[in-house]
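Asks: Sequence first, then the predicted structure:
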Amino acid sequence: MESQSHVRWECNYHIVIVPKYRKRVLFGTVGSRIREILRELAKRKGIKIIEGHVMPDHVHMMLSIPPKYSVANILGYLKGKSAIWLHNEFGSRKSVRQKSFWSTGYFVRTVGLDEEMVKRYIQNQEKKDKYEDGDQLDLKWT
């Protein structure tokens, strides 16, 4: 439970974002860097990343977002700023040439009482992908 001067709140969301055309570009240095960038951007807005995992073609996060922000506003900020940072750092790579790195949509779901279940789902996502796709780089956030 979080608190500010006049409010106590617990607003946790399970969020999934994907690169444009669901391209498998979030591995190696790009994957490691996107994790660092999202952490830094979240910190700047006072958002807590409770759980997160970078997969080659998507990012799972459980975010605690203060009630003064809308989910759409925060995701626009995270996706927009991270795309610019990636473009500036890796713009010479074919997969990161355009500043519109992320797809326009996203998945969001409130967590509520299912927090532990969602955490386990995010943590086990890698096992499922390893089973389906073979071993990937370990890009866990925690």
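Replies: Noted; the coordinates are in hand. Residues are numbered from 1 along each chain as shown.
Asks: now the helices for this protein?
Replies: 28-45, 71-90, 115-133 (DSSP state H).
Asks: Looking at those helices, which is nearest to residue 12?
Replies: Set against residue 12 and scored by Cβ to Cβ, the helices of the chain come closest in helix 115-133, at 6.3 Å. Every residue, glycine included, has its C-beta placed from N, CA and C.
Asks: I'd like to know which elements the closest one is packed against.
Replies: Secondary-structure packing of helix 115-133 (3 or more Cβ pairs under 8 Å, 6 or more residues apart in numbering; DSSP states H and E): strand 12-17, strand 48-55, strand 58-64.
Asks: Residue 103: which of the helices of the chain is closest?
Replies: It is, among the helices of the chain and with distance given as Cβ to Cβ, helix 71-90, at 8.8 Å.
Asks: Could you pull out the buried residues of the closest one?
Replies: For helix 71-90, a neighbour-count test (16 or more other Cβ atoms under 10 Å) marks 74, 75, 77, 78, 79, 81, 82, 83, 85, 86, 87, 90 as buried.
Asks: Which pLDDT value belongs to the residue nearest to the fourth one when sequence neighbours are not counted?
Replies: In this structure, residue 78 finds its nearest non-sequential neighbour in residue 41, 5.4 Å apart by Cβ to Cβ, 6 or more residues apart in numbering. On the pLDDT scale, residue 41 is placed at 98.
Asks: what's near enough to touch residue 41?
Replies: 77, 78, 81, 82 (Cβ atoms under 8 Å, 6 or more residues apart in numbering).
Asks: Looks like the last one contacts residue 34 (just checking).
Replies: Okay, so that is residue 82. Yes. Counting by Cβ atoms under 8 Å, residue 82 touches residue 34, with 6.3 Å between them.
Asks: thinking again about what came up before, out of the contacts of residue 41, which one sits closest to residue 101?
Replies: The closest of the contacts of residue 41, once distances to residue 101 are taken by Cβ to Cβ, is residue 82, at 7.4 Å.
Asks: Tell me which residues touch that closest one, please.
Replies: 34, 37, 38, 41, 101, 102.
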